[in-house]
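> Predicted model and sequence below, questions to follow.
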Amino acid sequence: MINKNKEVTVIIGGGHAAGTLLTALLQKKYPHKVVMVSEEPHPPYQRPPLSKNYLAGEVDKASLYLKPPSIYEKAGQQLRLGVRVEQINRDDKNLILSDQSTLKYDQLVLATGSHVRRLNVRGSDLKGIHYLHDIADTDALRRELVPGKRLVIVGGGYIGLEVAASATKQGVKVTVLEAADRLMQRVTGPEISEFLYAKHTSAGVDVRLGAAVIGFESDDQGCVNGVTLADGGKVSADIVLVSIGVIPETALAENAGLLCDDGVVVDEFTRTDDPDILAIGDCTRHHNLFFDKRQRLESVANAVEQARTAAATLMSEEKPYDSPPWFWSNQYDVRLQMVGLSQNHDQRVLRGSILDKEFAVFYLCLGHVIAVDAVNFPVAFMVGKQLVKLRKSVSAEVLSNPNIELKSLI
Amino acid sequence: MGKIIFIEHDDTEHVTEFRAGSTLMQVAVDNAVPGIDGDCGGECACGTCHMIVADEWFGNTGTVGDAEEQMLSMTPERARTSRLGCQVEITEAMDGMTVHLPEFQM
């Protein structure tokens, strides 16, 4: 895509993917002008701490920023913050912005991320019902987390459980309502779910499984004061957080006629079906060489890997995205590190001690390691990363044998 | 305030300014030093901020934690003075410190 004339590359979005792309381009000395347009008033920042130490008030806003804003300016990159892209005109190769201006592009990168899935039940517009996706959401929730208040969290996934841990630390009384029959059901096996259940319960969180929410109750001020469950039960609340997942942000791409399928469809080089438009991060459904299929992933690792791939593509280098996905979470003294996707496993192998809070679950499919979930066991995660990447075939007997060093398996 | 010098595997030097209270990883990332990714933002979850502290400065960098030790034990470029940059909090005593970067991150 490089030619002699100076061209303009525009990045839409200001999250982890956009920020990593800016950095990769400046490190590669990308010769073209780069403009990032983001609706949020902040330079690219990290979302993982929002549900953890930022919510707990342990770190300040500036520490969330991926880089000090001055570094982008020094590199000649322009951040247009607090501006929304309303429309992509592919014929004229320009963008209509919310401040009524137009912005020309030669190459465009969509890094539009995702938005939270809303719960549409009776009373879901009441005051006191929160979602958590950005700094503003987190600031609003944090202001309400006062010791002794009752926080009801709808959804027992990563965000719900991380908030439960952070809020509990602050003396808030937390109830988690999970509709499935175990925690984090979508992303992990029963051993980790049960371990986390015990962990949260012993920390004082009231965890209710199989609890489907059908409505919210309000006081005379229009503030939420309770949650109604499908079984007729009621749970009192001062604050509610709904954390039931995200939906890829594809509206701009769809309106521009780009191929979308629950995510902007891209290949292993992050290219959409328009040769001048790339897409990266949460908003994409990418051709994943590792799984050899189209995959959508909501994770930092996916965002940064795709961003680095996009930088290579913009530099006309061939660097396909082919690494297995990985994830992490911190809750209380639990460090959870996960690699691969475990959904299709036919065998699970436990190594280490659940009681000692140091163990790993290896997920096998037809004898190959396809995923590893490690609790306070970084070596198992690091070895697992290699085993999954190499699609190693290792027997259950070897994986569970404490006399065989994990490191010897790679 | 003070200076830390990062030296890439190909000997490219980056002289950076720091303020106490930050971490070695954050200073490298803030200055876009290539070879330090810090993908997890400093939560000791990813192992992409491996650095090798110059011998004479190693004693100033504190102790290696258990999780950090496990992560470091997995890199083939492990040296006696290896650290994960996110686990080293910067103090004024580190002014002038030299830190080498490995060829590859984990």
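All right, it came through fine.

> Can you pull the residues of chain B lying near chain A?
B:29-32, B:34, B:37, B:39-41, B:43-47, B:67, B:70-71, B:73-74, B:106 (C-beta under 8 Å from any C-beta of the partner chain). Yep, even glycine has a C-beta here, placed from its N, CA and C like the rest.

> Would you map the helices across chain B?
Under the criterion DSSP state H, helices of chain B are mapped to B:24-30, B:55-58, B:66-72.

> give me every residue that touches residue A:182.
A:190, A:193, A:194, A:197, A:209 (C-beta atoms under 8 Å, 6 or more residues apart in numbering or on different chains).

> Please convert the buried members of the residues of chain B next to chain A into ChimeraX selection syntax.
Selection of buried members from these for ChimeraX, criterion 16 or more other C-beta atoms under 10 Å in any protein chain shown:
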select /B:29,30,31,32,34,37,39,40,41,43,44,45,46,47,67,70,71,74,106
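
> that older thread, now, of the contacts of residue A:182, which are buried?
A:193, A:197, A:209.

> which among these gets closest to residue B:24?
Nearest to residue B:24 out of the buried ones among the contacts of residue A:182 is residue A:193 (C-beta to C-beta; 36.2 Å).

> Checking that closest one next. Helix, strand or coil?
helix (DSSP: H, G, I helix; E, B strand; the rest coil).

> Next one: it from residue A:207, what distance?
11 Å (C-beta to C-beta, to the nearest Å).

> Geometrically speaking, which residue is the centre of chain B?
In chain B, the residue lying closest to the centroid (C-alpha atoms, centre = their mean) is residue B:85, at 3.2 Å.

> Next up, the contacts around that residue.
B:23, B:24, B:25, B:26, B:28, B:36, B:38, B:49, B:50, B:51, B:99.

> Show me what the last one is bridged to.
In this case it means residue B:99. Beta bridges link residue B:99 to residue B:6, residue B:53, judged by DSSP bridges.

> Show the contacting residues for it.
Applying C-beta under 8 Å, 6+ apart, the residues near residue B:99 are B:4, B:5, B:6, B:7, B:24, B:51, B:52, B:53, B:54, B:57, B:85.

> same thing but at 10 Å, please
Neighbouring residues of residue B:99 by C-beta atoms under 10 Å, 6 or more residues apart in numbering or on different chains: B:4-7, B:14, B:16, B:24, B:27-28, B:33, B:36, B:51-54, B:57, B:61, B:81, B:83, B:85, B:88.

> Repeat that for the third one.
When contacts are counted by C-beta under 10 Å, 6+ apart, residue B:25 is found next to B:33, B:36-38, B:40-42, B:44, B:48-51, B:83-88.

> Report the buried members of those residues.
Buried among these (16+ other C-beta under 10 Å): B:33, B:36-38, B:40-42, B:44, B:48-51, B:83-88.

> Next, name the residue at the spatial heart of chain A.
residue A:299 (3.7 Å).

> pretty sure that one contacts residue A:325?
Yes. Between residue A:299 and residue A:325 a contact is recorded at 6.0 Å, counting by C-beta atoms under 10 Å.

> close to chain B, is stretch A:325-341?
Yes. Judged by C-beta under 10 Å from any C-beta of the partner chain, stretch A:325-341 and chain B are in contact via A:326, A:327, A:328, A:329, A:330, A:335, A:336, A:337, A:338.

> Can you give me the first-to-last residue distance of that stretch?
Stretch A:325-341 has its terminal residues 7 Å apart, counting by C-alpha to C-alpha, to the nearest Å.

> Average pLDDT for it, rounded please.
Stretch A:325-341 shows a mean pLDDT of 97.

> Please report phi then psi for the residue of the stretch 1-150 of chain A found nearest chain B.
Residue nearest to chain B within the stretch 1-150 of chain A: residue A:46 (4.5 Å; C-beta to the nearest C-beta). Residue A:46 adopts backbone torsions of phi -90, psi 130, taken as degrees, to the nearest 10.

> Identify the residues contacting residue B:42.
Counted by C-beta under 10 Å, 6+ apart, residue B:42 has contacts A:46, A:48-49, A:53, A:59, A:63, B:22-23, B:25-26, B:29, B:49, B:84-87.

> Just give me the longest helix of chain A.
Max-length helix for chain A by DSSP H is helix A:300-314.

> after that one comes which helix or strand?
strand A:326-331 (DSSP states H and E).

> So what are the sheet partners of that next one and their directions?
strand A:334-340 (antiparallel).

> Tell me which residue in the stretch 101-250 of chain A sits closest to chain B.
Counting by C-beta to the nearest C-beta, the stretch 101-250 of chain A gets nearest chain B through residue A:162, at 11.4 Å.

> hang on, that residue is in a helix, isn't it?
Yes. Assessed with three-state DSSP, residue A:162 lies in a helix.

> Show the backbone phi and psi for residue A:72.
phi -70, psi -50.

> List the contacts of residue B:5.
Residue B:5 neighbours (C-beta under 10 Å, 6+ apart): B:13, B:14, B:15, B:16, B:54, B:96, B:97, B:98, B:99, B:100.

> returning to what we had before: from memory the residue of the stretch 1-150 of chain A closest to chain B sits against residue A:15, does it?
Yes. Contact criterion C-beta under 10 Å: residue A:46 and residue A:15 qualify, at 9.1 Å.

> anything in contact with each of the two?
With C-beta under 10 Å, 6+ apart as the test, residue A:46 and residue A:15 both reach A:66, A:300.

> Those two: which is more packed in?
Remark: of residue A:46 and residue A:15, residue A:15 carries more neighbours, 28 against 22, as counted by other C-beta atoms under 10 Å in any protein chain shown.

> Report the separation between that one and residue A:375.
28 Å.

> residue ranges for the strands of the stretch 201-350 of chain A, please.
Assigned by DSSP state E, counting those that start in this stretch, the stretch 201-350 of chain A shows strands spanning A:206-209, A:213-218, A:224-229, A:234-236, A:239-242, A:246-248, A:264-266, A:277-279, A:284-288, A:293-295, A:326-331, A:334-340, A:347-353.

> Highest mean neighbour count out of those?
Comparing those by mean neighbour count (mean count of other C-beta atoms under 10 Å in any protein chain shown), strand A:277-279 comes out on top with a mean of 28.

> wait, what's in contact with the closest residue in space to residue B:102 that isn't next to it in sequence?
Spatial nearest neighbour of residue B:102, chain neighbours left out: residue B:77 (4.0 Å); criterion: C-beta to C-beta, 6 or more residues apart in numbering or on different chains. Neighbour list for residue B:77: B:9, B:50, B:52, B:100, B:101, B:102, B:103, B:104, B:105, B:106 [criterion: C-beta under 10 Å, 6+ apart].

> I'd guessed the second one sits against residue B:72; true?
Yes. Checked against C-beta under 10 Å, the pair residue B:50 and residue B:72 is within contact range at 7.0 Å.

> Now list whatever residues contact both of these two.
Each of B:78, B:79, B:82, B:83, B:84, B:106 lies in contact with both residue B:50 and residue B:72 under the rule C-beta under 10 Å, 6+ apart.

> quick one, domains of chain A?
Using automatic domain parsing, the domains assigned to chain A come out as A:8-115+A:247-314, A:129-244, A:333-409.
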